[in-house]
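Student: just need the structure, nothing else, for what follows:
(chains A and B)
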2 protein chains.
Amino acid sequence: MQMNDMILVSVDDHVCEPPDMFERHVPAKWKDRAPRLLSKQDGSDSWFFENQQVPNVGLNAVAGRPANEYGMEPTALAQLRKGCWNLQARIDDMNANGVLGSLCFASMTGFTGELFARAEDKELARVMAQAYNDWHIDEWCGGAPGRFIPLALPMLWDPKLTADEIRRVAKKGCYAMTFPDVPTGLGYPSLHSEHWDPIWRACDETGTVLCVHIGSGTGMALQDQTAPVEIMITGTPITLFNFANEITYSKFLPKYKNLRFALSEGGIGWIPYFLERADYVYKHHHAWTHNEFGGRLPSDLFREHVVTCFIDDAAGVRNRDLIGVDTLTWECDYPHSDSTWPRAPEVLWESMKDVPKAEVDAITHLNAMRHFRYDPFEHVPREQATVAALRAKAKHVDVAPKAGKGGKKPSDYKNGYCTIGDIIQQMAGAYAVAFRDGQGVDPEAARRAMLERMARVQAQQKP
Amino acid sequence: MQMNDMILVSVDDHVCEPPDMFERHVPAKWKDRAPRLLSKQDGSDSWFFENQQVPNVGLNAVAGRPANEYGMEPTALAQLRKGCWNLQARIDDMNANGVLGSLCFASMTGFTGELFARAEDKELARVMAQAYNDWHIDEWCGGAPGRFIPLALPMLWDPKLTADEIRRVAKKGCYAMTFPDVPTGLGYPSLHSEHWDPIWRACDETGTVLCVHIGSGTGMALQDQTAPVEIMITGTPITLFNFANEITYSKFLPKYKNLRFALSEGGIGWIPYFLERADYVYKHHHAWTHNEFGGRLPSDLFREHVVTCFIDDAAGVRNRDLIGVDTLTWECDYPHSDSTWPRAPEVLWESMKDVPKAEVDAITHLNAMRHFRYDPFEHVPREQATVAALRAKAKHVDVAPKAGKGGKKPSDYKNGYCTIGDIIQQMAGAYAVAFRDGQGVDPEAARRAMLERMARVQAQQKP
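Tutor: Got it, this is the predicted structure:
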């Protein structure tokens, strides 16, 4: 097997929502209250919804920038690579990277729809979450058959409503929904509470996977503001160790046989340690804790109920037998800063080149297809789905990094290097920037202005 | 090489302090204010110092109990295996387990001397911390030459005082001191603050290792009280991932070439993942963060400055080349519940039997000897130091589990299994138990009573 023969399905990418996304999915009665992307006085854009703003539409949407221009500064849509928000450009970028399929997380809503959940009017929140899901399933994924694994948002404030939504979107072919790693971090009951049973049951019935993305409940580790920002970036994926630990010892996992959780952007190299540790603790302690799983080990439960994924993780691939090859999937993380785009095949192949073909196929696409009930080959013939075949279709796509913003110099940071505090200051500063005249006050006018501007951006960025 | 040929040095064990420990190390002027072990009305014992109590003298000192009688209930000294607190019995238990050398953490003071640090009178606190260190070095370790690696307590409220203590104990042959994983968790400045520089400098000068034990700064993860207690036990060791992450990106590690940290009870199976992740983040992000280490990688810094250890960690041993064999040491964790005593050689050999002898020797004793400047062979001939030779000296030691407390039944727990909340309730209940008549009011009388009782216990438990 060669690198070019791989068929790549990424189970963790991100879409920066286009400003017209609510146009065709919100009932007329609610249209004026839909989120709008508005311009701010510093030239950045910000989503505006029920007196909430979500600055940084381009937060971490850095694909296509040179590495010295990465960062967390707020940006305007016009500064993003078009593949971040435009469907056709996204397909081009996937082809250029040899990627067949992609599961895309939301940006403007938060990973689990927190923007809507925070609205006081819960009927409005439900309408907008459903509109989001319809846009995502019918327009984003539906616009390119076979190229996307659809992923729905929950309505976390109401588990029964969420269960209904799981069943509604399953009928449309969507078998994945987001869920937070630490529900209590968002103000909801403990994972171990029966509160969530309606969601577990609906997933069990429909074969829906709950995708638990890093940062979805507890957010980033921002406590020590004087620390270099790399500490936050390095430590965030393994926060899902805690989630894996919680569910593996939970009482609901053995109860719902078909319930599965995906550890989205969690990495895999730590899992052999986790499974060994969990089994050790079970064997050493269950005689006094009386915690039992019908005589089975925590590692058995993990392998049956958890879908794992990685970007670039040679230690995890080396120890795939200890994890369970059937659990493993791969991700690209486009357009975030940890992404390997546009060299994902080259990077992945470094750890795959000595792996037997059957296992490469399992890890790169077969496991994702089975877990997410996704069959790209209904739409794309297998021989057209390889790295080589997709890249051949993308000869017109320019993947060279585009400089433009200049990047920050060491002297732009108080200590000469970027700390977690510097990032927090940038975020706070973004919130403090006023909207442009009239915007935020007359959202309908602002919306129209934004759409016109959007058309200009699209025209400018045409490939 | 055979199991019986291994020479075992454990870098993480625990001593339950004997009640007479302050007798010979506190100047007369301060004697009345030394901590005392007092009896409580439920038959348990509790240390008493400056209106603080430390219940559960036997917290987790469960060696020698059957597994169904493990647990967190407070205990009296008489209920502990004698090796927990008596030097000769400890040596017997080490011999019976084939263990040559041991580094013992404090119990009653907290891992980093928090009991003393909380005292309002900081002169008193300094006197007691020094008395503790003198007892530990001169009496506990000094009483059995070649069998212990001494470990001192810091005076965290004053880094300069701590630096002086590092130099003072180094002159007595002690090259290890405890330090908390999250200083801010104890109310001190950030790890990244220059506040700690005197300590880093003193360690650098004297070749002293800072031993960072799990639970020493942030304590256990107790948030979700409805969760099975196994989640706390499974997840605690890997909390040192965060500490490793903090120091690897710190500005002080490259500055003090000889400064080293030991990740005590941190496990090792997660380290290949951590080092790969840290290098990935450095390579992806340093161009915009401007965080540099003279062109070296985070993994290089880790391998030069960090001492790792494990109890039983087959995944880590399998991947020892990715960690760095020179960093690896072993631990027994006697008398805590995760300990492999008295079958440590058998358990360890399962992951060592296919490892080349030179690496087994490095992991089992040579690395510990080098990092801690400890030479047991000055006192114990090498051929008398093996598993087989030590066990031959311990034929009189009864290692069979001793039932006695009965253990809790499933029905003793609200949900039929032990939750984190159950543990918290037990701890709170222990604090609420009154001292026996007169004790805590007349500590000197209580102290005498305790010493008399102690003599009875010693007489009863004679091997």
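
Student: centroid residue for chain A?
Tutor: The residue at the geometric middle of chain A, judged as the C-alpha nearest the mean C-alpha position with C-alpha atoms, centre = their mean, is A:Phe105 (3.4 Å).

Student: that one and A:Gly215 touch, don't they?
Tutor: No: contact status for A:Phe105 versus A:Gly215: not in contact, 10.4 Å apart, counting by C-beta atoms under 8 Å. Every residue, glycine included, has its C-beta placed from N, CA and C.

Student: can you pull the residues that touch both of those two?
Tutor: Counting by C-beta atoms under 8 Å, 6 or more residues apart in numbering or on different chains, the shared contacts of A:Phe105 and A:Gly215 are A:Phe111.

Student: before we move on, back to that, not counting sequence-adjacent ones, nearest residue to the residue nearest to the centre of chain A?
Tutor: The shortest distance from A:Phe105 to any non-neighbouring residue, by C-beta to C-beta, 6 or more residues apart in numbering or on different chains, is to A:His14 (5.1 Å).

Student: that neighbour: what's it in contact with?
Tutor: A:Asn60, A:Ala61, A:Cys84, A:Cys104, A:Phe105, A:Ala106, A:Ser107, A:Asp333, A:Tyr334, A:Pro335, A:His336.

Student: just the pLDDT for it.
Tutor: Note on A:His14: pLDDT of 97.

Student: and the strands in the stretch 51-200 of chain A?
Tutor: Across the stretch 51-200 of chain A, reading from the start of the chain, the strands by DSSP state E, counting those that start in this stretch fall at A:52-54, A:99-105, A:148-149, A:176-178.

Student: turn those into CSV, including distance to A:Asp313 and mean pLDDT.
Tutor: Compiled in CSV, those are given as follows (distance: least, C-beta to C-beta, whole Å; pLDDT from 0 to 100):
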stretch, distance to A:Asp313, mean pLDDT
strand A:52-54, 31, 86
strand A:99-105, 17, 98
strand A:148-149, 21, 98
strand A:176-178, 22, 98
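
Student: for B:Leu38, find the nearest of those.
Tutor: Taking C-beta to C-beta as the criterion, B:Leu38 comes closest to strand A:176-178 out of these, the separation being 54.0 Å.

Student: work out for me the element the residue nearest to A:Leu37 when sequence neighbours are not counted sits within.
Tutor: In space, not counting the residues next to it along the chain, A:Leu37 is nearest to A:Pro19; the distance is 3.9 Å by C-beta to C-beta, 6+ apart. Using DSSP states H and E, no element contains A:Pro19; it sits outside every helix and strand.

Student: my read: A:Pro19 touches A:Arg448, true?
Tutor: No: using C-beta under 8 Å, A:Pro19 is not in contact with A:Arg448; the gap is 10.4 Å.

Student: could you give me the average pLDDT of the helix or strand hosting A:Ala445?
Tutor: Secondary-structure assignment from DSSP H and E places A:Ala445 in helix A:443-460. Averaging pLDDT along helix A:443-460 yields 69.

Student: again, but for stretch A:270-286
Tutor: If you average the per-residue pLDDT over stretch A:270-286, you get 96.

Student: and it, how far out from the chain middle?
Tutor: The chain centroid and the centroid of stretch A:270-286 are separated by 28 Å under C-alpha atoms, centre = their mean, to the nearest Å.

Student: equivalent analysis for stretch A:97-117, please.
Tutor: Taking C-alpha atoms, centre = their mean, one finds the center of stretch A:97-117 at 4 Å from the center of the full chain.

Student: equivalent analysis for stretch A:195-211, please.
Tutor: The chain centroid and the centroid of stretch A:195-211 are separated by 19 Å, computed with C-alpha atoms, centre = their mean.

Student: buried ones in that stretch?
Tutor: The neighbour-count check on stretch A:195-211 (16 or more other C-beta atoms under 10 Å in any protein chain shown) flags A:196, A:198-204, A:206, A:208-211 as buried.

Student: ditto for stretch A:26-43
Tutor: A:Val26, A:Arg33, A:Ala34, A:Pro35, A:Arg36, A:Leu37, A:Leu38, A:Ser39, A:Lys40.

Student: same check on stretch A:14-24?
Tutor: Of the residues in stretch A:14-24, those buried (16+ other C-beta under 10 Å) are A:His14, A:Val15, A:Cys16, A:Glu17, A:Pro18, A:Pro19, A:Met21, A:Phe22.
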